[in-house]
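Novice: Okay, structure incoming, though there's no sequence with it:
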């Protein structure tokens, strides 16, 4: 006992030290020296240092602090920075995010600066201009651009009799037919069923327009669908099989001899598939009624909160200058947004870039609607339904138009601030007082002398933290679920309006939510029993007397829990690969046809369940292992004396002694599986046809991609109701079973 | 050597058991081993038709690029501070609360516990922004306190330890009370040692949770020099371009400390502490 006491003393000291550290190490909010903070994402965030050094040399006395923001989480980081008053002076911003941050009233209009500047905005590509201009006002300056071209295998094209890539739609269709005939197996073209960017390129090429008067152009939409559907119907592209292929390997094997992608793919192919060099090329996209590719890339924006706007503008102007734009290509390989910069030999004489240069003049950016991300999601759904043949192209267009109009419809409702505050307070007080009443009510079974007031001391730290960081936020999000809280209200609370139960009513008419609800239930009903049973079996195996090297096996079972999701995803994609995956290999041995595990709408969900069980069972196994240690050996000894066998030991000792733990595991696993998120998020994005969409994934999309926070909160409370019902049921059952052991 | 029939049967049983164990270990370990070996592969070898276990050409480029791209020690340090403080606080706070719920009598005990369970059923994603706003109003954004406090109590952990503590016989506590132990002494010197396996488990869960946490450290801490390891590693990747060798090297660097913690913790799965205490 004494060594344990020493240990705990040691821990107590450590905890105290950490507490002191917590108090001292409050990071300073801002540094004292005048400096310009610039955020950029990922690789650009590191490389921009080189540009900053050139600027610092030309402007002595100025210090540029650059910061790299990870692409994953960049959107959340920028939004919270705006809300938390932590925004930098300047940031890189994806072209599709511009309208949203403009709607949040977070970015500075630039016309004032442009009037007194020598910068020639006419020099930027039209598509790059579009994403910065809104109602004649500039909100950012283009930094770099990218666009999409066709990547194709020249050797396979030659075998099909093509020396040049076809220039138009009809030519490309014939080319695809010839390509498929010229090789064994696979497809002609990697055409995803749920990629709005690719669909829009074809739609624009066909003369279609978006949010210009009406949401979509009648006729043009249907023709585009008809053209694309032919590729799926005639097996030129896989209707099932988009999710589970690794593009690079499929390109190498010829499974996909052609695909559409951006400039980054050049270096990726050169480094990952050096053996393919000389056997592939890029080509401008086949033209429809006209040329149109997708304009991507990034801009620089200045935040309204910046106290150094003149200096900030100077840096933005510097980065947009044609000379610096060409220089930035040398530093990073990013394509310049300035046309003049393209006269630099490194760009104009690079044969790989010629197709990109050709597309850039006519490449288009998506419309400047703050709700764009949301609209893009509905386009994916509509196109997918149409090419799968579930609805006609016309019906798909009509439905999509209605959904877009609904998303764009702005509530004109006004509510006075006093009304809103009063209602919030009321809505806050209702759950709080309900909780207080609930805790106070009921028979006081214990006599006063039996109370142990010291219990409250034990509870204090945890309960205090949970009250502030869990209970209050829960009540707040409950209030939010009755408002229209969206991106307009993120940074300006006066825009938030109470809508009563509208969000909840809307959800029950939302097909994506209903699909998510159904999938979540299926996932939990199948996944929880398998996962818990497997965990228990593995824990018993780990505890078996005959097992040596227990430590090794314990670690091995726990490894999936701690293996990075990225690595796990790559391996499982391999297992599920339709071309050469292990599962299809096994089916082949059995003489069964190969399956598209992640792209078939009946198989996708079970495939994800299998993966989730694999990834998660070790977690519960460890809890069971810990609980098994607490069963006294004396119990086993006494039952052994009575002549019991192993099976009787299990039923009469082990299982009853594990009941508290097993109950905990079942409750927690059910809650966890009902909040299913990571696997579909990483593997399928909810597709195909929303067959793997889960409630929490949809909530995440609505909340953090589209910033419909009120709507997302309402979803959380419907899920909460479901979980609450299940858990109550489990507690009831446990109470009933209590006596039977 | 004469082997009896039952001996042979038990040998066959043993063999089958070990075959089963080894096969299941291969299934669970494969992605991890692949991750490890991929971190030593050259880019051309990473995406192939069949996943390969051993690189044909071993290279340290992934690690070299990784250490050149980020200040590894700084971010490792940040991660250790973050994960250790959150683990220490959460083990202490949650175990204390669990003790009160499992073994102490106070009015409204079951109800308060039920209420805590209910809060666990609200998906965490919707409370993230409100928590952020509360930290803002408390002036705790961009501070270690803001980073650590919200995660230092967890209903799940209280629930887990409580279930375990409920198995511990009341007689032990009664005996200690008669010996004049205070409740704090009972908690420190009897309950915690008896709960060693579950405390070890919670330590692993808290540590790994904090260690792998990405979004929260990213949005709470303002400056790049406060980034934790996963945040720093994620910030190397391009939007579309991924250097897989470097990514896997980073994944290995992140995972190894978690494995180490688990190795240390699993030593505490010792049979019979509780059993011994009952007898004593």
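Specialist: Now that the structure is in, tell me what you want to look at. None of these values were measured; they are calculated from a predicted model.
Novice: only C-alpha atoms for contact and neighbour calcs from this point on.
Specialist: OK.
Novice: Domain map for chain A?
Specialist: Following automatic domain parsing, chain A resolves into domains at A:36-146+A:296-349, A:149-292, A:510-738.
Novice: Turn the ones you listed into CSV, columns for mean pLDDT, mean neighbour count and distance to residue A:460.
Specialist: Output for the domains of chain A, formatted as CSV (pLDDT from 0 to 100; neighbours: other Cα atoms under 10 Å in any protein chain shown; distance: least, Cα to Cα, whole Å):
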stretch, mean pLDDT, mean neighbour count, distance to residue A:460
domain A:36-146+A:296-349, 93, 19, 29
domain A:149-292, 91, 19, 49
domain A:510-738, 88, 19, 23
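Novice: In TSV: those, plus distance to chain B.
Specialist: Formatted as TSV, the domains of chain A follow (distance: least, Cα to the nearest Cα, whole Å):
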stretch	distance to chain B
domain A:36-146+A:296-349	4
domain A:149-292	4
domain A:510-738	4
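Novice: so where's chain B uncertain?
Specialist: Within chain B, the ranges that satisfy pLDDT under 70 run B:1-6, B:270-280.
Novice: and residue B:58, which of the domains of chain A is closest to it?
Specialist: For the domains of chain A, proximity to residue B:58 was assessed by Cα to Cα; domain A:149-292 is nearest, at 15.7 Å.
Novice: What's the end-to-end length of the closest one?
Specialist: By Cα to Cα, to the nearest Å, the extent of domain A:149-292 from end to end equals 10 Å.
Novice: So what's the gap between it and the chain middle?
Specialist: Relative to its chain's centre, domain A:149-292 lies at 25 Å (Cα atoms, centre = their mean, to the nearest Å).
Novice: quick one, helices of the stretch 151-300 of chain A?
Specialist: Counting by DSSP state H, counting those that start in this stretch, the stretch 151-300 of chain A has helices at residues A:154-159, A:169-181, A:196-205, A:220-233, A:247-253, A:264-272.
Novice: wait, which of the ones you listed is closest to residue A:611?
Specialist: Short answer: helix A:247-253, nearest of the helices of the stretch 151-300 of chain A by Cα to Cα, at 21.5 Å.
Novice: From the rest of the structure, what touches that closest one?
Specialist: Helix A:247-253 is touched from outside by A:153, A:256-258, A:269, A:272-273, A:276, B:47-49, with contacts defined as Cα atoms under 8 Å, 6 or more residues apart in numbering or on different chains.
Novice: Let's see that with 7 Å instead.
Specialist: A:256-257, A:276, B:47-49 (Cα atoms under 7 Å, 6 or more residues apart in numbering or on different chains).
Novice: Just send those back as a markdown table, with distance to residue B:107 too.
Specialist: Below are the contacts of helix A:247-253 laid out as a markdown table (distance: Cα to Cα, whole Å):
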| residue | distance to residue B:107 |
| --- | --- |
| A:256 | 68 |
| A:257 | 71 |
| A:276 | 73 |
| B:47 | 62 |
| B:48 | 64 |
| B:49 | 64 |
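Novice: Closest one of the residues you listed to residue A:340?
Specialist: Within the contacts of helix A:247-253, the smallest distance to residue A:340 is 33.3 Å, found for residue A:276 (Cα to Cα).
Novice: show me what contacts that closest one?
Specialist: Residue A:276 neighbours (Cα under 7 Å, 6+ apart): residue A:252.
Novice: how close does it get to residue A:109?
Specialist: For residue A:276, the distance to residue A:109 - Cα to Cα - is 47 Å.
Novice: got the contact list for the residue in the stretch 351-500 of chain A positioned nearest to chain B?
Specialist: Going by Cα to the nearest Cα, chain B is nearest to residue A:459 of the stretch 351-500 of chain A, at 4.6 Å. Contact analysis of residue A:459 by Cα under 7 Å, 6+ apart lists B:96-97, B:100.
Novice: For residue A:381, state which of the contacts of helix A:247-253 is nearest.
Specialist: Residue A:381 lies nearest to residue A:256 out of these, by Cα to Cα, at 23.8 Å.
Novice: quick one: that closest one and residue A:191 touch, right?
Specialist: No: in this structure, residue A:256 is not within contact of residue A:191 by Cα atoms under 7 Å, at 9.4 Å.
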